[in-house]
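Trainee: Predicted structure and sequence below. I'll ask about it afterward.
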Amino acid sequence: MLTRQQEISLQLNQIVDGLILALALYAGYALRSYGIIDFDLLPAIPPFEGFLWMFFLVALFGPLLLELQGFYQYPLEKSVRRSLREMTQAGVWLGLLLGGCVIFLKLSIPSRSAFLLFLVFAPLGLLARQMVFRVFYLRRLRRGGQGERIILAGEPQSMAAAMAKLSTEQRLEIEVVERVDLAEHSVASLVEAMHRQNVGRVVLAFETGDRGRLQDAITACETEGVEAWVLADYFRASLARPVYNDFGTIPVLVFRVTPELSWALLVKTAMDKTLAFGGLLVLAPFFLIIAASVKLTSPGPVIFKQARAGLHGRPFTMYKFRSMKSGAEMEREELKVFNQMSGPVFKIEKDPRVTRFGAWLRRTSIDEFPQLINVLLGQMSLVGPRPLPLYEVANFELTAHRRRLSMKPGLTCLWQISGRNTVKDFADWVKLDVQYIDNWSLGLDLSILLRTVPLVLGGKGAH
């Protein structure tokens, strides 16, 4: 429950964390520059001015990256292990951001040893701040100094269920000064309770979603100038997460099973386009060699184009280096009897249509590299469910399988790194895609990318 006071507290914590990160970097600089610890084996480092751009970047983007990893969520229930994991994930993205500045903006890191010292001091400082915040905040809550006074109103069973779902720490954040049974009493009793208790918030809990009583209670709170928080768990959804939004000027509850538009998704999009553009620049000479090899070893076009299902099933043209003989699509029907994948997907382990050079392309996954163009165009992401041909999507046996279309398709995914050649059941493939969608985070994307690299280098792609 994020009150205005807690929102202010969150912003203050982020400001303090930005200062902690800047101080940790300065500590690394000071130890190296002033010889506080003997560094005789290392060369002298540049003046402080050379570190200014790093101070700005670390202090400004550090708290943002921590927030994207969930570092500020559930501060009273956070374990040290979870905090360290979130800080590590944020640190990796901070390293990539620093690396991007070095590569694209031609900036330089004046001292790698000072930066390594920063990586030691920063987590210690952040954990200390988190521990101090937790101790003082819990102490105040237990003394009754900050628990917000609220009235709980609605149906008895719903009120009891709502309180039962709160953790011990969450209960400390509120003080239920009165419960009003609106199943037995009129809304006038709620108004009297608000007058007696002088609260700023009423939490309404209804199991049946009785619009009449609910509307009267909200109107009463509105008249009194008191916030009305409506528990929306009477809308049953097994997977979707409800969030508030507006339809024009009409307030609505949105049930969403995909990640909400956030800074994390914007960072994902920015990273996709940046890395795709950089990859295309670096690989351009290599692409010319591959293109020439495809042309020399098999007549036909160099690039294979196929209509694939993108986000929400929208068609787009996907690009690959051609690994099969020209006209291979015409032979698909004849080879269906040899299909080794259950469901609508067509895959043969030793497909006779694959050329000799194409087999190497597929084994190393180099045939997929032109899809960096699709990523640059915004049709694909670096990480996401693999895009399927339109005819395979049209043949989905279960409507639930279309959930894999709810995120932008990617170059690599959990299926790719989980032994794609051993997954023969399409339902298992979909489970991996849904697992990715339900647990998506920038850290998960980074993990999948890092695990994909050795598979490509080791030639463990499609056979």
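Mentor: Happy to help now that I have it. Numbers count the residues shown, from 1 in each chain.
Trainee: mind giving me the domain ranges of this protein?
Mentor: The chain is divided into the following domains under automatic domain parsing: 4-142, 148-234, 263-457.
Trainee: Dump the ones you listed to TSV, plus mean pLDDT.
Mentor: Conversion of the domains of the chain to TSV gives the following (pLDDT from 0 to 100):
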stretch	mean pLDDT
domain 4-142	85
domain 148-234	86
domain 263-457	89
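Trainee: got JSON lines for those, with mean neighbour count and distance to residue 256 too?
Mentor: From N, CA and C alone the C-beta is placed, and that goes for glycine too. Compiled in JSON lines, the domains of the chain are given as follows (neighbours: other C-beta atoms under 10 Å; distance: least, C-beta to C-beta, whole Å):
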{"stretch": "domain 4-142", "mean neighbour count": "16", "distance to residue 256": "17"}
{"stretch": "domain 148-234", "mean neighbour count": "16", "distance to residue 256": "13"}
{"stretch": "domain 263-457", "mean neighbour count": "17", "distance to residue 256": "9"}
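Trainee: I'd like to know which of those is closest to residue 254.
Mentor: Residue 254 lies closest, by C-beta to C-beta, to one member of those: domain 148-234, at 10.6 Å.
Trainee: tell me what whichever strand or helix holds residue 382 is packed against?
Mentor: Using DSSP states H and E, the element containing residue 382 is strand 381-383. Applying 3 or more C-beta pairs under 8 Å, 6 or more residues apart in numbering; DSSP states H and E, we find strand 381-383 packed against helix 263-297, strand 410-412, helix 442-457.
Trainee: quick one: contacts of it?
Mentor: Residues outside strand 381-383 that contact it (C-beta atoms under 8 Å, 6 or more residues apart in numbering): 268-269, 271-272, 275-276, 375, 407-413, 436, 444-445, 448-449.
Trainee: Now find how far off-centre it is within its chain.
Mentor: Strand 381-383 sits 12 Å away from the centroid of its parent chain (C-alpha atoms, centre = their mean, to the nearest Å).
Trainee: And for stretch 324-332?
Mentor: The answer for stretch 324-332 is 38 Å, by C-alpha atoms, centre = their mean.
Trainee: just stretch 288-297 next, same as before
Mentor: For stretch 288-297, the distance to the chain centre is 38 Å (C-alpha atoms, centre = their mean).
Trainee: can you list contacts of it?
Mentor: With C-beta under 8 Å, 6+ apart as the criterion, stretch 288-297 contacts 302, 321, 322, 355, 356, 357, 358, 361, 366, 369.
Trainee: so where do the helices sit in the stretch 51-200 of the chain?
Mentor: 52-68, 80-104, 112-142, 156-164, 168-172, 187-197 (DSSP state H, counting those that start in this stretch).
Trainee: Of the helices and strands packed on strand 381-383, which is nearest residue 158?
Mentor: helix 263-297 (33.1 Å).
Trainee: Let's have the helices of the stretch 51-200 of the chain in TSV, adding distance to residue 417.
Mentor: Converted to TSV, the helices of the stretch 51-200 of the chain look like this (distance: least, C-beta to C-beta, whole Å):
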stretch	distance to residue 417
helix 52-68	23
helix 80-104	17
helix 112-142	27
helix 156-164	40
helix 168-172	37
helix 187-197	55
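Trainee: Out of those, which is closest to residue 15?
Mentor: When the helices of the stretch 51-200 of the chain are compared (using C-beta to C-beta), the closest one is helix 52-68, at 7.6 Å.
Trainee: what angle separates the closest one from helix 442-457?
Mentor: Comparing the axes of helix 52-68 and helix 442-457 via axes from the mean of the first three to the mean of the last three C-alpha atoms, to 10 degrees yields an angle of 100 degrees.
Trainee: packing partners for helix 52-68?
Mentor: Secondary-structure packing of helix 52-68 (3+ C-beta pairs under 8 Å, 6+ apart): helix 4-33, helix 80-104, helix 112-142, helix 263-297.
Trainee: Format those as a markdown table; extra columns: distance to residue 159.
Mentor: Formatted as a markdown table, the helices and strands packed on helix 52-68 follow (distance: least, C-beta to C-beta, whole Å):
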| stretch | distance to residue 159 |
| --- | --- |
| helix 4-33 | 23 |
| helix 80-104 | 31 |
| helix 112-142 | 21 |
| helix 263-297 | 35 |
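Trainee: Quick one: closest of these to residue 182.
Mentor: helix 4-33 (26.2 Å).
Trainee: got the angle between the closest one and helix 80-104?
Mentor: Using the same axes, to 10 degrees: helix 4-33 against helix 80-104 is 60 degrees.
Trainee: now helix 4-33 and helix 112-142, what's the angle there?
Mentor: Going by the same axes, to 10 degrees, helix 4-33 makes 150 degrees with helix 112-142.
Trainee: Can you give the distance from helix 4-33 to the centre of its chain?
Mentor: 24 Å.
Trainee: which among the contacts of stretch 288-297 gets closest to residue 168?
Mentor: residue 369 (52.4 Å).
Trainee: Skipping its backbone neighbours, what lies nearest the closest one in space?
Mentor: Distances taken as C-beta to C-beta, 6 or more residues apart in numbering put residue 283 closest to residue 369, at 6.4 Å, once the chain neighbours are dropped.
Trainee: pretty sure the one you found contacts residue 370?
Mentor: No. Residue 283 lies out of contact with residue 370 (C-beta atoms under 8 Å); the separation is 9.6 Å.
Trainee: Quick check: the farthest pair among the contacts of stretch 288-297?
Mentor: Going by C-beta to C-beta, the pair spanning the contacts of stretch 288-297 furthest: 356 and 369, at 19.1 Å.
Trainee: how close does the closest residue to residue 456 other than its chain neighbours sit to residue 336?
Mentor: Excluding its sequence neighbours, the residue lying closest to residue 456 (C-beta to C-beta, 6+ apart) is residue 365, at 5.0 Å. With the distance defined as C-beta to C-beta, to the nearest Å, residue 365 ends up 25 Å from residue 336.
Trainee: hang on, residue 306 packs against residue 391?
Mentor: No. Applying C-beta under 8 Å, one finds residue 306 not in contact with residue 391, separated by 10.0 Å.
Trainee: can I assume residue 405 is in contact with residue 258?
Mentor: No. Counting by C-beta under 8 Å, residue 405 stays clear of residue 258, with 10.2 Å between them.
Trainee: Show residues contacting stretch 328-337.
Mentor: Counting by C-beta under 8 Å, 6+ apart, 346, 348, 351, 352, 353 sit against stretch 328-337.
Trainee: ok, 6 Å please
Mentor: Around stretch 328-337, the neighbours that count as contacts under C-beta atoms under 6 Å, 6 or more residues apart in numbering are residue 353.
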